[in-house]
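S.K.: just need the structure, nothing else, for what follows:
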Amino acid sequence: MRPCLVALLLSLFACTPAIAGSCVGANSRTGQSQTVQEVYRTGISHPRRFFAEATHDRASGRPQIVYYGRYGTAPGYFKSFIRNHECCHHNGHKDEIAANCCALRRMGLSASGLAAVRTYIVSKDVNSETAIDYSGQGSLFWSKTASRCFGSAQR
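M.R.: Presented below is the predicted three-dimensional model:
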């Protein structure tokens, strides 16, 4: 009886959603899902001034998030947004706005938390340094995010 109970519990556990805050992605070599490795390079700037990037370890294929200098100076709530945004890239959201929407859903922010993220994006003109990769910055970047994530609300 006990082995059956253990098997039942394990099968239920395997079907539960990911733990809040967990970040998993596919290994680029094996395709297997695994925990994303977080690498802090906050003492250096990314050549295109990214806060962070979703990438893979060249040798092992393990999914990684690499954080750069701009990340080191961001407030905690925006660091959480960045982490969730990069996790969403590892979960298949290639488009920047789609990754923003995914990150905001993962975070489950209150109205004031959402306002703080919006204010930071607009005040720091976020994405202005990376316009090569995505046209839109600051308030335009947020407007496109809000439009796709929330419809006309929260602009």
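
S.K.: which residues touch the longest helix seen in the chain?
M.R.: Longest helix of the chain, by residue count under DSSP state H: helix 76-90. Identification of contacts with helix 76-90 by C-beta atoms under 8 Å, 6 or more residues apart in numbering yields 23-26, 36, 38, 51-54, 63, 65, 67, 71, 74, 98-100, 102-104, 106-107, 113, 116-117, 120. For glycine as for every other residue, the C-beta is placed from the backbone atoms N, C-alpha and C.

S.K.: could you point out which element follows that helix?
M.R.: Next helix or strand after helix 76-90 toward the C-terminus (DSSP states H and E): helix 96-107.

S.K.: check the most centrally placed residue in the chain and give its pLDDT.
M.R.: Closest to where the C-alpha atoms of the chain average out (C-alpha atoms, centre = their mean) is residue 85, at 1.9 Å. Predicted confidence (pLDDT) for residue 85: 96.

S.K.: distance-wise, check it relative to residue 77.
M.R.: Residue 85 sits 13 Å away from residue 77, going by C-beta to C-beta, to the nearest Å.

S.K.: which residues in the chain form strands?
M.R.: If DSSP state E is used as the criterion, the strands of the chain fall at 24-26, 33-35, 37-40, 52-56, 63-67.

S.K.: so how far is the first one off the chain centroid?
M.R.: Put simply, strand 24-26 sits 12 Å off its chain's centre (C-alpha atoms, centre = their mean, to the nearest Å).

S.K.: pairing partners for it, with directions?
M.R.: strand 33-35 (antiparallel) (DSSP bridges).

S.K.: how far away from the center of its chain is the partner strand?
M.R.: That offset, for strand 33-35, works out to 15 Å (C-alpha atoms, centre = their mean).

S.K.: touching it from outside, list them.
M.R.: Taking C-beta under 8 Å, 6+ apart as the rule, strand 33-35 contacts 22-27, 62-63.

S.K.: in those residues, which has the lowest confidence score?
M.R.: Among these, residue 22 has the lowest pLDDT, at 89.

S.K.: tell me how many other residues crowd that residue.
M.R.: Around residue 22 there are 11 other residues, counting by other C-beta atoms under 10 Å.
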